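Enquirer: just a sequence and a predicted model for now, questions to come.
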Amino acid sequence: MLFVCCKRLFLAALKVVSKLTAAAFGAWEKDGFAPEEEFLAKIKAIPGVSAVETQTYTLEEVKLNKKDAKKAMDKKAAEAEKADVAEDKPKPPEDPAKKLKKVLKEGGKRGVEIEGAADMGGLQFFCTSVDEPEGNVDLLVQCVAAMNEKSDPTEEERKGGSGRVGKMVFSAGLAGLAVAAYVPEDKQAELDCAAWLEHVLRLFKSEIITKDKTVSTGMIPTDSEKNIFPLKIREALILEANNYLRKLGLFPEDNGDSDDDMVFGDDDFPS
């Protein structure tokens, strides 16, 4: 094994390196690195030179035979592959209790917002999307239930309160787009909950999962071959759900004024 000591000088973009063996460097060091002092003085005297620095460092030359070199390369490649696998590995599922808490919190908050928007616009029905259920139909149903929960005016933070407003809610996830339709009892004579949802789902030939007068659910699976991606199709489905209501006279007509086109998504309710 050979140790090499170097003395390096920096001059703006100029670099001067003196390379010696460890033994020779020791002798040169005892001699004061001559003629370094004289050289530095001349360099510093050059007009425009503002700083000159020197640095001593040691290089260790390691010689590997072909077998050892191959082992080192294989080890490095294995570590890189392991890092790639770790990065691509799906994240462990979130604790169900914590996930449900997030779902209910989002639903309660969205319920208050829907109630306010319905009061201002005189709406009986509302279409929107939520994030936390992440395409899970069961969680989406619980999110809608949180929206409909009776609001307690004594609570510091109000939640829910939109149970009187019919709604269709969408949630995008990796597996697909979950959809839940809700029609309150006093509006079921005007709107068939299952028929409303079936009309929207048939745009992508998807079947309804549960049928009920009050809450019906469905799922549109992701299909990359058919270019069906949840986030890509979501807004078009919200628009179609509203158009179905318009035909029944249950939603304001779109007269070209953006203020009257009540299509709501995540961006309409900033956190």
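Expert: That came through fine. Just so it is clear, the model here is predicted, and its values are computed rather than measured.
Enquirer: low-confidence regions, the chain specifically.
Expert: Counting by pLDDT under 70, the chain contains low-confidence ranges at 1-15, 22, 55-66, 69-70, 72-73, 76-78, 80-91, 254-271.
Enquirer: same thing but at 80, please
Expert: Applying pLDDT under 80 to the chain flags the ranges 1-33, 40, 43, 48-93, 153, 253-271.
Enquirer: nearest residue to Phe251 in space, please, no chain neighbours.
Expert: Excluding the flanking residues, the one nearest Phe251 by CB to CB, 6 or more residues apart in numbering is Leu245, at 3.5 Å. C-beta here means a position set from N, CA and C on the backbone, and glycine is covered the same way.
Enquirer: any chance you could map the helices in this structure?
Expert: Applying DSSP state H to the chain gives helices spanning 22-30, 36-44, 66-88, 96-121, 137-148, 193-201, 230-247.
Enquirer: out of those, which is the most enclosed?
Expert: Mean neighbour counts were compared across the helices of the chain using mean count of other CB atoms under 10 Å; the top stretch is helix 137-148, at a mean of 22.
Enquirer: how far off centre is that helix?
Expert: In terms of CA atoms, centre = their mean, to the nearest Å, the centre of helix 137-148 is found 22 Å from the chain centre.
Enquirer: same question, stretch 37-49
Expert: Centroid separation between stretch 37-49 and its chain, computed with CA atoms, centre = their mean, is 56 Å.
Enquirer: alpha carbons of it, as PDB, please.
Expert: Listed next in PDB are the C-alpha coordinates belonging to stretch 37-49 (Å, rounded to 0.1, in the frame of the first residue of the first chain):
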ATOM      1  CA  GLU A  37       7.400  30.700   0.100                       C
ATOM      2  CA  GLU A  38       9.100  32.500  -2.800                       C
ATOM      3  CA  PHE A  39       6.600  31.200  -5.200                       C
ATOM      4  CA  LEU A  40       3.600  32.400  -3.100                       C
ATOM      5  CA  ALA A  41       5.100  35.800  -2.800                       C
ATOM      6  CA  LYS A  42       5.400  36.200  -6.500                       C
ATOM      7  CA  ILE A  43       1.900  34.900  -7.100                       C
ATOM      8  CA  LYS A  44       0.400  37.300  -4.500                       C
ATOM      9  CA  ALA A  45       2.200  40.200  -6.200                       C
ATOM     10  CA  ILE A  46       0.300  39.700  -9.500                       C
ATOM     11  CA  PRO A  47      -2.300  42.500 -10.000                       C
ATOM     12  CA  GLY A  48      -5.800  41.300  -9.500                       C
ATOM     13  CA  VAL A  49      -5.000  38.300  -7.300                       C
END
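Enquirer: alright, I will stop here.
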